[in-house]
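Novice: pasted the sequence and its predicted model underneath.
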Amino acid sequence: MSDLLRLATAGSVDDGKSTLVGRLLYDTKSVLADTLDAVHRASADRGLATPDLSLLVDGLRSEREQGITIDVAYRYFATPKRSFVLADTPGHVQYTRNTVTGASTAQLGVLLVDARKGVVEQTRRHAAVLALLGVPRLVLAVNKIDLVDYDEVTFARIAKEFTAHATALGFVEDTVVEIPVSALAGDNVVERSTNTPWYSGPTLLEHLETVPVDADPHDAPFRFPVQHVIRPRTAEHPDYRGYAGQVAAGTVRVGDAVAVLPTGLSSTVAGIDTADGPLDEAAAGQSVTLLLEHDLDISRGDLVAGGEPPRVTDEFEATVCWLAEKALTPGARVLVKHGTRTVQAIVTELRNRFDEQRLSSTDSPDSLVLNEIGQVVVRTAEPVPVDDYTHNRRTGAFLVIDAADGSTLAAGLVGAPLPVLDGVDADAGGGSSAQTDSHALVSPGP
Ligand SMILES: Nc1nc2c(ncn2[C@@H]2O[C@H](COP(=O)(O)OP(=O)(O)OP(=O)(O)O)[C@@H](O)[C@H]2O)c(=O)[nH]1
């Protein structure tokens, strides 16, 4: 069993996400004593009888929100069974953008609903975005169960409705779990609750500790976007030339054959340097400097790749999640940021627009507006090495940037990982064709 799980949370404003994350940190004793003292003091100052655990999360968040474009905080906590990296995304208006950013590497998504409201529009949208991003597993935390008097019938109704929606999106049955919780009171978050005797499933933490973890990015082919070329030209090292960057996917060892893209030149890894000394091997997430045997013409933005190489192309299909106030129309001139390379591009075609409420799509729409998801064709001014998102969630993703002001317009996924869902009735839980078509979306990939 893997000892690390990457998870992302999503919920509408006030569903209790901060309280739930705070409760997880608190009950797993992942909070420093001085932070906890501050929370106790602030809660007492506000006249609260119990500590407001959302302060553990929101207290930090307000500082981060100022002037930061894409706002995702990664929190780390651990139990004796497993470590967790939680992408914590605020639930305000820009929810889709934050969800996309936070969830693109997650192995499990925790969606929250308020038990009084049940499955709402944003729940459906979040589930669709998580499916699109290839997040293989979902938990629906039916929160504030205390406010519906721990009612079994209410929980069962919400769970049934959510399962139907998730199934229509292509999630297979045992990858979706619903849990009745009260983040405020602590019911079924870490400790099993005596208030829900009718619930026999795991608590949220028990589930997180035992759920199978699907393919790790370390298993994918090696991908290394070059951030800087290091050429000190000192008397001591007159010939040193290293390529600095972060391993985006896979693993590299000294002696491995690699290709440099888009040029297609090939070489062999002669060394892996770090600030702490040389390594024999480096894996996804590590920042290193690669040394190659041949003196090649490599610059920032190039990709060093091992294994099955990515395709080098100046035109590709993609699914985009549009994140800007101004609409996307065919012919839009934009910048595409992929790895460490930014290129000029045109969105030549809008193929369709996905309606995640009705699980249907519209062909050849005139535009995509804020938070809409659709398939497009992108033509770049120069060839770029791209992986399909379904094969590599890291190197298959890109950002669309406004050429005029540098703001983020969209998150893009190379390939067309959007299910063909036309004709599926969301309430009916989806037809078999939709399940087959979209199944690839939620498979763990290579
Ligand atoms: N009764 C009850 N109240 C809860 C529960 N969970 C959260 N709340 C309350 O609901 C309100 C919203 O909780 P937050 O944790 O701030 O909600 P949020 O979803 O994180 O909101 P944002 O961070 O603003 O997106 C607060 O007043 C919480 O105390 C619960 O399980 N039961």
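Specialist: That came in fine, so what should we check first?
Novice: what is the neighbour count of the residue lying closest to residue 280 once chain neighbours are set aside?
Specialist: Spatial nearest neighbour of residue 280, excluding adjacent residues (CB to CB, 6 or more residues apart in numbering): residue 254 at 5.5 Å. C-betas here are computed from N, CA, C, even on glycine. Using other CB atoms under 10 Å, residue 254 has 16 neighbouring residues.
Novice: also the one 3 residues further on?
Specialist: Summarising burial for residue 257: neighbours were counted as other CB under 10 Å, giving 11.
Novice: tell me the phi and psi of it?
Specialist: phi -80, psi 130 (degrees, to the nearest 10).
Novice: heads up, I number from 6, so please use that
Specialist: Noted, 6 is the first residue going forward, which turns the last one into residue 262.
Novice: hang on, it packs against residue 273?
Specialist: Yes: taking CB atoms under 8 Å as the definition, residue 262 is a contact partner of residue 273 at 5.6 Å.
Novice: residue of the stretch 256-405 of the chain nearest the ligand, please.
Specialist: Residue nearest to the ligand within the stretch 256-405 of the chain (CB to the nearest ligand atom): residue 376, separated by 16.4 Å.
Novice: what phi and what psi does the backbone show at that residue?
Specialist: Residue 376 adopts backbone torsions of phi 70, psi 0, taken as degrees, to the nearest 10.
Novice: tell me the pLDDT of it.
Specialist: pLDDT recorded at residue 376 is 78.
Novice: what do you get for the one 5 residues further on?
Specialist: Note on residue 381: pLDDT of 95.
Novice: show me which helix runs longest in the chain.
Specialist: Counting by DSSP state H, the longest helix found in the chain is helix 157-173.
Novice: from the contact counts, what lies against the helix or strand just after that helix?
Specialist: Once the chain leaves helix 157-173, the next helix or strand it forms, by DSSP states H and E, is strand 181-185. Judged by 3 or more CB pairs under 8 Å, 6 or more residues apart in numbering; DSSP states H and E, the packing partners of strand 181-185 are strand 143-148, helix 157-173, helix 209-215.
Novice: show me which residues of the helix or strand where residue 318 lies are buried.
Specialist: If you go by DSSP H and E, residue 318 is part of strand 316-327. For strand 316-327, the neighbour count (16 or more other CB atoms under 10 Å) marks 321, 322, 323, 324, 325, 326, 327 as buried.
Novice: what lines up beside it in the sheet?
Specialist: Sheet pairing of strand 316-327 (DSSP bridges) gives strand 378-391 (antiparallel), strand 413-419 (antiparallel).
Novice: now, of the ones you listed, which is deepest in the fold?
Specialist: Stretch with highest mean neighbour count among those: strand 413-419 (a mean of 24; mean count of other CB atoms under 10 Å).
Novice: now the strands for the stretch 156-305 of the chain?
Specialist: Secondary structure of the stretch 156-305 of the chain by DSSP state E, counting those that start in this stretch: the strands cover 181-185, 228-235, 247-251, 256-258, 262-266, 270-278, 286-288, 292-297.
Novice: and the ones you listed as JSON lines, adding mean pLDDT and distance to the ligand?
Specialist: Conversion of the strands of the stretch 156-305 of the chain to JSON lines gives the following (pLDDT from 0 to 100; distance: least, CB to the nearest ligand atom, whole Å):
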{"stretch": "strand 181-185", "mean pLDDT": "97", "distance to the ligand": "10"}
{"stretch": "strand 228-235", "mean pLDDT": "92", "distance to the ligand": "33"}
{"stretch": "strand 247-251", "mean pLDDT": "92", "distance to the ligand": "30"}
{"stretch": "strand 256-258", "mean pLDDT": "95", "distance to the ligand": "37"}
{"stretch": "strand 262-266", "mean pLDDT": "96", "distance to the ligand": "41"}
{"stretch": "strand 270-278", "mean pLDDT": "95", "distance to the ligand": "41"}
{"stretch": "strand 286-288", "mean pLDDT": "93", "distance to the ligand": "34"}
{"stretch": "strand 292-297", "mean pLDDT": "94", "distance to the ligand": "31"}
